[in-house]
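Peer 1: Provided below for reference: sequence and predicted model.
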Amino acid sequence: MPRAPHSSTRRAFLAGTASAGLAALAGCLDGSLGGGTGTETTVATTPGTTPKTDSGTHPTSATGTSYPDTEVAFPGGPKSRPERPDELTRATAREFVHEHEYNWVYNQLWYSEHTEVDLSCEVHSVEQVRDGYEVLVSCTGYSNTGGESTENGTATQVHADWFTQWFVYYVDADTIARRQATEDEKDEAQG
């Protein structure tokens, strides 16, 4: 008669399976906790801050979004937020946003030292808006997370997809805002 698995082995397996499920879910997220339809215009704020309304001192995008002096939250992981350029120009804004979005998505797909991330990001447009720049960027990628084999078998590999997602950044001397791009913004960039 076969022996029932040891309870600590079973707990380790269940914990690993639950963790792997969370890693898979991370790849299905679009960067906003509420999902996203592509038409939302939300601006993440730092805890303890209040978004400011457009009183003429804060830039407003073509979609009417007012950008407060704050930075979008950055997910934990092996990549860090890049340094904001000393001199903000069209070229430095493009480079900064490309690296910021790449690192942001990489961290969303990364789960552990056993994670391999394959990611490609592209900047589609850079527009000057008052004292800063709006930058339209998209990324597509995936990750595979494995682990060390156990004495009872091989580790399960978890795959997570980051289907192509588009975001608009606003960057100036005091702000890094990130919101999901509208369908019109995507169509205009592709047209």
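Peer 2: Here it is on my side, so go on. Numbering: from 1, shown residues only.
Peer 1: What strand or helix carries residue 144?
Peer 2: Taking DSSP states H and E as the definition, one finds residue 144 inside strand 132-145.
Peer 1: Which residues in the next helix or strand along the chain from that strand does the neighbour count mark as buried?
Peer 2: Proceeding N to C from strand 132-145, the next assigned helix or strand is strand 158-171, under DSSP H and E. Within strand 158-171, the residues that qualify as buried are 158, 160, 162, 165-171, counting by 16 or more other CB atoms under 10 Å. For the C-beta atoms, the positions are set from N, CA and C on the backbone; glycine is no exception.
Peer 1: Turn those into TSV, columns for distance to residue 186 and pLDDT.
Peer 2: As requested, the buried residues of strand 158-171 are exported to TSV (distance: CB to CB, whole Å; pLDDT from 0 to 100):
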residue	distance to residue 186	pLDDT
158	29	91
160	23	95
162	16	96
165	10	97
166	5	98
167	10	98
168	10	97
169	15	97
170	17	97
171	20	97
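Peer 1: Just send the residues you listed back as JSON lines, with distance to residue 133 too.
Peer 2: As requested, these are exported to JSON lines (distance: CB to CB, whole Å):
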{"residue": "158", "distance to residue 133": "37"}
{"residue": "160", "distance to residue 133": "31"}
{"residue": "162", "distance to residue 133": "24"}
{"residue": "165", "distance to residue 133": "20"}
{"residue": "166", "distance to residue 133": "16"}
{"residue": "167", "distance to residue 133": "14"}
{"residue": "168", "distance to residue 133": "10"}
{"residue": "169", "distance to residue 133": "8"}
{"residue": "170", "distance to residue 133": "7"}
{"residue": "171", "distance to residue 133": "6"}
